[in-house]
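> this one's structure only:
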């Protein structure tokens, strides 16, 4: 069987994506990925309390600070790169 052209592969992929999204809520499909992202509080909750021993309120408080620190580090790196005038 001959291989498909890039245009055909793109169309087949689009058909699959549209079929998937017609059957399921997009938020449900991406829920696990969003929870695993460093931008999410659950991610930082796992970082600050990997064993789950902290009081939930304390874990949430620490996670908020961990997430703020994460984004401030990103901003600092971004500013340094912009000052240099290019990618690292």
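Yep, that arrived. Keep in mind that what you see is a predicted model, and the values were worked out from it rather than measured.

> Show me the domain layout of this structure.
Structural domains assigned to the chain are 1-36, 38-88, following automatic domain parsing.

> winner for burial among these?
Burial of the domains of the chain is given as mean neighbour count (mean count of other C-beta atoms under 10 Å); domain 38-88 ranks first at a mean of 12. Just so you know, the C-beta spots here come from the backbone N, C-alpha and C atoms, and that holds for glycine as well.

> packing partners for the longest helix along the chain?
Identified as the longest helix of the chain according to DSSP state H is helix 56-84. Contacts defined by 3 or more C-beta pairs under 8 Å, 6 or more residues apart in numbering; DSSP states H and E place helix 56-84 against helix 41-48.

> tell me the angle the helix it packs on makes with helix 56-84.
100 degrees (axes from the mean of the first three to the mean of the last three C-alpha atoms, to 10 degrees).

> What are the contacting residues of helix 41-48?
Residues from elsewhere that reach helix 41-48 (C-beta atoms under 8 Å, 6 or more residues apart in numbering): 35-38, 54, 59-60, 62-64, 66-67, 70.

> Now do the lowest-mean-pLDDT helix or strand in the chain: everything it contacts.
In the chain, the helix or strand scored least confidently by mean pLDDT, DSSP states H and E is helix 26-36, which has a mean of 90. Applying C-beta under 8 Å, 6+ apart, the set of residues contacting helix 26-36 from outside is 20, 21, 40, 42, 43.
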